[in-house]
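K.L.:
below are the sequence and a predicted model for it; my questions follow.
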Amino acid sequence: MISKILDSAAEAVADIPDGATVMIGGFGPAGQPIELIDALLAQGARDLVIVNNNAGNGTTGLAALLGAGRVRKIVCSFPRQVDSQIFDGLYRSGKLELELVPQGNLAERIRAAGAGIGAFFTPTGYGTPLAEGRETREIDGRGYVLEYPLHADYALIKADRGDRWGNLVYRKTARNFGPIMASAARVAVAQVREVVELGTLDPEAVATQGIFVQRVVAIAPASAKEAA
């Protein structure tokens, strides 16, 4: 019987090694797998390369991982926000490397990794410092920059419900990068609010198919507000 269900977040991230590239889902706090990040923090892996849309909010979740000195490099679109003080301090002091990627390019580079695309041309970033050192080409009179896919060793994502095969459905905008990150990683770990029986999920609502997910852990919401 195939079952990808694990007993705890700690078990789900136990084998993430030092130096791993880890994609972390979320658009700011929305869809961020806080409990998996906390488990990774407790696990102790260091020198990590993190791929995320942001660079942490406040002092919890991804920001806590940065603050603990566990991250060598972050690949993201929006590193600086009102509450991104941990990233800001680390970057200004030279303790954290940043690869800044426009949001559309970030999403497409992740998607390309899962789809088996070797590279693609995009107009975004052409003629700016982000294109320096990259191959460019003019196509039909418009400038393009060559971008390469983003692969990861692990992806930590958050979904609403899942089954033992790893099929996942999400809650509204908390879906964001989850499906493409799962497909771009060697090992995708999903925390879900609820594990349901096979056949319970509407196939039309399954945004991430079980073939892309290796581990599922059920984590009860911390409050009624989060469960809503």
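P.N.:
Done, it's in.
K.L.:
and the residue nearest the centre of the chain, its phi and psi?
P.N.:
Compute the mean C-alpha point of the chain, and by Cα atoms, centre = their mean the closest residue is residue 24, 2.6 Å away. Backbone torsions for residue 24, taken as degrees, to the nearest 10, come to phi -120, psi 120.
K.L.:
for the helix ranked longest in the chain, packing partners?
P.N.:
In the chain, assigned by DSSP state H, the helix with the most residues is helix 103-115. If contacts are counted by 3 or more Cβ pairs under 8 Å, 6 or more residues apart in numbering; DSSP states H and E, helix 103-115 sits against strand 120-122, strand 142-147, helix 178-184. All C-beta spots, glycine's among them, are computed from the backbone N, C-alpha and C.
K.L.:
switch the cut-off to 10 Å
P.N.:
Helix 103-115 sits against strand 48-51, strand 71-76, strand 120-122, strand 142-147, strand 152-162, helix 178-184, strand 185-195, with contacts defined as 3 or more Cβ pairs under 10 Å, 6 or more residues apart in numbering; DSSP states H and E.
K.L.:
can you lay out those as CSV showing mean neighbour count and mean pLDDT?
P.N.:
Formatted as CSV, these follow (neighbours: other Cβ atoms under 10 Å; pLDDT from 0 to 100):
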stretch, mean neighbour count, mean pLDDT
strand 48-51, 23, 98
strand 71-76, 21, 97
strand 120-122, 16, 97
strand 142-147, 17, 97
strand 152-162, 26, 98
helix 178-184, 26, 98
strand 185-195, 21, 98
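K.L.:
count of residues packed around residue 175?
P.N.:
21 (other Cβ atoms under 10 Å).
K.L.:
so it sits against residue 157, correct?
P.N.:
Yes - taking contacts as Cβ atoms under 10 Å, residue 175 lies within contact range of residue 157: 9.4 Å.
K.L.:
shared neighbours of these two, anything?
P.N.:
Residues touching both residue 175 and residue 157 (Cβ atoms under 10 Å, 6 or more residues apart in numbering): 25, 31, 168, 208.
K.L.:
related to what we said a few turns ago, for the record, mean pLDDT for the longest helix of the chain?
P.N.:
Mean per-residue pLDDT for helix 103-115: 97.
K.L.:
got the buried residues for that helix?
P.N.:
Buried residues in helix 103-115, counting neighbours by 16 or more other Cβ atoms under 10 Å, are found at 105, 106, 107, 108, 109, 110, 111, 112, 113, 114.
K.L.:
from the residues you listed, which is closest to residue 91?
P.N.:
Using Cβ to Cβ, residue 106 is the member of the buried residues of helix 103-115 that lies nearest residue 91, at 17.7 Å.
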